[in-house]
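Colleague: Pasted the sequence and its predicted model underneath.
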Amino acid sequence: MHNISLTDMKMKLVPSASGVNEVALVAMARRLCIVPANKHELINVQLVDRKTTSSKPNQDSQKQDIEESVSLSPDFQVFIPDVRPRFNPLEVYICHLRCHLYPNGPVDVGLQSLKVSDLAVNYASGREDVPIFNQAAISFATLFFGVQHHKNRILTEGYAMHGVALRRLNEALSVPGCHTSDDILVSVVVLAMLELYMPSGPRNYLQHMLGLERLLELRDPGSLAHASYRTLELYKGVRHMILIASLRNRSPSIFARPRWKAVL
């Protein structure tokens, strides 16, 4: 710092005819490292702007160098994974089938009760721990979707599931007291509907209806007084199917009996 006497300062700060000698004041302030009060904002802005403009090109060049080094170096390359939504094709088959079913009917109610874990099963493997209704319903949904969209691969999968469902249903029907299970009845209804949409023989649908009627005949009509909502909906849906089959066979159904008329 330069040594300036008070006499020099007084001489330099003497106002001229037009006012304070601004040039002399600024020059003296620089020599004393003092920023004048009325020049503080101006000089400050100039210093900040000069610093910003001088550092911005450096930052841009550094950023460009980093990007180029990352892109050229295989160890630091960034790969964005190809994320796609996953879906289970069985969900598509079930939704397609429900669009063609009677809402809240016996089969539709059963499909609504399916869980996500139920759709993660290989139904063509013949697992014995799978509910028989799930086996029959999934095979029906798969075959129906394959027929509607002319997909041979899906049809092949559906027929494999359908064979397992038929085998397991025959095994279940040989167990005494099977007529008390709603899952058995709904499974018979599902396979009968499959014969209606995709007939494998001229009278196979009627054979399924006769078998269903025999299972209902073993039940007590008075048990409907304490039946669940699903069981009541099952009877309502089955009643119409059996009546149509009776008209086709030209024979009275069990629902023509007084005890069944009283509860239905």
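Modeller: Received the coordinates, thanks. Numbers count the residues shown, from 1 in each chain.
Colleague: Okay, helices next: where are they in the protein?
Modeller: 6-12, 22-32, 40-72, 89-98, 106-112, 132-149, 152-173, 182-197, 204-217, 229-249, 258-263 (DSSP state H).
Colleague: mean pLDDT lowest for which of the ones you listed?
Modeller: Least confidently modelled of the helices of the chain is helix 6-12, at a mean of 46 by mean pLDDT.
Colleague: Neighbours of residue 190, how many?
Modeller: Using other Cβ atoms under 10 Å, residue 190 has 26 other residues around it. For glycine as for every other residue, the C-beta is placed from the backbone atoms N, C-alpha and C.
Colleague: For it, give me its contacts.
Modeller: Contacts for residue 190 were tallied using Cβ atoms under 8 Å, 6 or more residues apart in numbering; they are 107, 133, 136, 137, 140.
Colleague: For the fourth one, give me its contacts.
Modeller: By Cβ under 8 Å, 6+ apart, residue 137 lies in contact with 94, 107, 110, 111, 114, 187, 190.
Colleague: Now a PyMOL select for only the buried ones of those.
Modeller: Paste this into PyMOL to select the buried members of the contacts of residue 137, with burial taken from 16 or more other Cβ atoms under 10 Å:
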select buried, resi 94+107+110+111+114+187+190
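Colleague: quick one: residue 102 from residue 109, how far?
Modeller: Between residue 102 and residue 109 the computed distance is 10 Å (Cβ to Cβ, to the nearest Å).
Colleague: do residue 196 as well
Modeller: Taking Cβ to Cβ, one finds residue 196 at 19 Å from residue 109.
Colleague: Compare those two (neighbour count), which wins?
Modeller: Neighbour count, other Cβ under 10 Å: between residue 196 and residue 109, residue 109 has more, with 17 against 14.
Colleague: got the contact list for the more buried one?
Modeller: 230, 233.
Colleague: quick one on the thing from earlier: so which of the contacts of residue 190 is the closest to residue 243?
Modeller: Using Cβ to Cβ, residue 107 is the member of the contacts of residue 190 that lies nearest residue 243, at 17.5 Å.
Colleague: Find the nearest non-adjacent residue to residue 153, please.
Modeller: Closest residue in space to residue 153, ignoring its immediate chain neighbours: residue 146 at 7.8 Å, by Cβ to Cβ, 6 or more residues apart in numbering.
Colleague: shouldn't the one you found be in contact with residue 161?
Modeller: No. Proximity of residue 146 to residue 161 does not meet the contact threshold set by Cβ atoms under 8 Å, at 10.9 Å.
Colleague: Brilliant, that's me finished.
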